[in-house]
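Participant: One predicted model, sequence on top.
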Amino acid sequence: MPPSPAVLVDGLVMRYGETIAVDGLHLAVEAQTITAVLGPNGAGKTTTLETCEGYRKPHHGRVSVLGLDPVRDRRALLPRIGVMLQAGGAWSGVRALEMLEHVARLHAHPLEVGPLAERLGLHECGRTPYRRLSGGQQQRLGLAMALVGRPEVAFVDEPTAGMDPAVRRTTWELLEEVRADGVTVVLTTHYMDEAERLADHVHIIDRGRLVASGSPLELMRGGTVSTIRLVVTEPFPPGAGDSLRAALGPDTEVSQLDSLSLLVTGPADASTLGKVSRWCDEHGVVPESLTLGQRNLEDVFLELTGRGLRP
C-alpha cells in the first residue's frame, strides 16, 4: 500500500458570500517533498493553504494534514506544523529575535535560535521592532518562526517576497535542507524560477480548480522539446493564432499569450522559424523578437491560465 499523502485536499469548496474562491479542488502533497501551489491572484491559493492550516473550516469537501482534520484535531496538529503567513504573524512592537525566541519556547524540541537567525541574516535586525522591519526582513523572520519548531509539515506563503538575491538563495538552500531532513514543505510563490528550482511537484490552480499537476520537468516538457516565442510591435490581427497554426501544420500548437506575443510549441526548429517568418511577411506582422528555446514553467502557466503571476 502506498504511503498516505502528508496533505490531502478532497473536493474542497470555499466561499466568500456569493463568490466561490475554491471550487471542488482536489490535490495531494506527498511526504518529504517540496510542493508548489501556483495560480494567478484570486485563484484560491491562500484560501486553500489557510484551510489546511486550520484557520478556515471547509464549506464542502475535506482537508487532511498528517491524517488529521485541521479544525477538529487542531490541538494535536499544531505542534506538528509550521506556518509562514503571507503577512503578519508577529506583534507590532516586539523585537525580531525576541519573537523568534518566544516561538521557540512554545515547542518541545526547537532548533537553536542563534544559528537559525544567523543563517537568515536576522542578527542585523534582531533588536528592531517588527513594525520597523523591511518587507524582506519580516519575511525572513516569518520563515524562521515557521521552521524553528522542527515541523513535520511547513506551509510557507511567498517565502522570498522582498528579499535581496543573496538572502533569497540562502532561503532556497535552507528549504532544500529541511526537505532533506524529512520535512514536507508546501509553498506558494510568484517567482517561476523559485518553483522550478525548489519544487518536486507543482499544482497549478485557476479559479479555484486544479488545471495541471506534475513535476516542473513534466510540465515544461508537455510532450515537446522546444518552443518559439514571437513578440510583435503591434497587436496581432484577429484569428492570428489559428492562421499561424494552419500554416505550421497539425503537429504544432500555437498559444496567444497576450496581444503582442504568441508561443509555438511542437517540432520547433530552424525550419519552423522560417515558416513563422514567412507567415509574418504574408500577414503584415512586424516581429520585435523571434526566439527559439526551451519551454519554461512560466510558459506553461500562461498557456493554462492566460494570466501572469503578480506579486
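Facilitator: Thanks, I have the structure now.
Participant: contacts, neighbours, all on C-alpha from now
Facilitator: Fine.
Participant: which residues in the stretch 51-200 of the chain form helices?
Facilitator: Counting by DSSP state H, counting those that start in this stretch, the stretch 51-200 of the chain has helices at residues 74-77, 96-105, 113-119, 135-147, 165-180, 192-198.
Participant: quick one, which of those is nearest to residue 37?
Facilitator: For those, proximity to residue 37 was assessed by CA to CA; helix 192-198 is nearest, at 8.9 Å.
Participant: hmm, who's touching the closest one?
Facilitator: Applying CA atoms under 8 Å, 6 or more residues apart in numbering, the external contacts of helix 192-198 come out as 34, 36, 172, 175, 176, 189, 202, 216, 297, 298.
Participant: Next one: the third one from residue 32, what distance?
Facilitator: If I follow you right, that is residue 172. Shown here: residue 172 relative to residue 32, a distance of 16 Å by CA to CA, to the nearest Å.
Participant: Neighbour count: the two, which is higher?
Facilitator: For residue 172 against residue 32, the residue with the higher neighbour count under other CA atoms under 10 Å is residue 32, and the figures read 19 against 15.
Participant: May I have the secondary structure class of the more buried one?
Facilitator: Counting by DSSP: H, G, I helix; E, B strand; the rest coil, the backbone at residue 32 sits in coil.
Participant: Find the nearest non-adjacent residue to it, please.
Facilitator: Leaving aside its chain neighbours, residue 32 sits nearest to residue 184 (4.3 Å; criterion: CA to CA, 6 or more residues apart in numbering).
Participant: for the stretch 101-250 of the chain, which spans come out with low pLDDT?
Facilitator: 222-225 (pLDDT under 70).
Participant: go with 50
Facilitator: Counting by pLDDT under 50, the ranges of the stretch 101-250 of the chain that qualify are 223-224.
Participant: List the buried residues in stretch 124-133.
Facilitator: Judged by neighbour count using 16 or more other CA atoms under 10 Å, the buried positions of stretch 124-133 are 125, 126, 128, 129, 130, 131, 133.
Participant: Need the residues you listed in a markdown table (columns: distance to residue 65).
Facilitator: Listed next are those as a markdown table, based on distance: CA to CA, whole Å:
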| residue | distance to residue 65 |
| --- | --- |
| 125 | 34 |
| 126 | 33 |
| 128 | 35 |
| 129 | 33 |
| 130 | 30 |
| 131 | 32 |
| 133 | 32 |
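Participant: any idea how far stretch 204-216 is from the chain center?
Facilitator: A distance of 10 Å separates the centroid of the chain from that of stretch 204-216, by CA atoms, centre = their mean, to the nearest Å.
Participant: nope, stretch 252-263 is what I was after
Facilitator: Here stretch 252-263 shows a centroid-to-chain-centroid distance of 23 Å under the convention CA atoms, centre = their mean.
Participant: Export that stretch to CSV, keeping only CA atoms.
Facilitator: Taking C-alpha atoms only, stretch 252-263 is exported to CSV below (Å, rounded to 0.1, in the frame of the first residue of the first chain):
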residue,chain,number,x,y,z
THR,A,252,2.3,22.3,-33.8
GLU,A,253,0.3,24.1,-31.1
VAL,A,254,0.0,27.9,-31.1
SER,A,255,-1.0,29.8,-27.9
GLN,A,256,-1.6,33.5,-27.8
LEU,A,257,-0.1,34.7,-24.5
ASP,A,258,-1.3,38.3,-24.8
SER,A,259,-2.0,40.8,-27.6
LEU,A,260,1.7,41.1,-28.5
SER,A,261,3.1,37.5,-28.1
LEU,A,262,2.5,34.0,-29.4
LEU,A,263,4.0,30.8,-28.2
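Participant: which residues are contacting that stretch?
Facilitator: Contacts made with stretch 252-263 from outside it, assessed by CA under 8 Å, 6+ apart, are listed as 227-236, 241-242, 244-245, 264-267, 299, 302-303, 306.
Participant: Filter those residues down to the ones in helices?
Facilitator: Using DSSP state H, the members of the contacts of stretch 252-263 that fall in helices are 241, 242, 244, 245, 299, 302, 303.
Participant: which residues in the stretch 151-300 of the chain form strands?
Facilitator: Per DSSP state E, counting those that start in this stretch, the stretch 151-300 of the chain carries strands over the ranges 153-157, 184-188, 201-206, 209-214, 226-232, 253-258, 261-266, 287-293.
Participant: before we move on, what about the stretch 1-150 of the chain?
Facilitator: Listed in chain order (using DSSP E, counting those that start in this stretch), the strands of the stretch 1-150 of the chain are 7-16, 19-29, 34-38, 60-65, 81-84.
Participant: Output the contacting helices and strands for the second one.
Facilitator: In other words, strand 19-29. strand 7-16, helix 45-52, strand 209-214 (3 or more CA pairs under 8 Å, 6 or more residues apart in numbering; DSSP states H and E).
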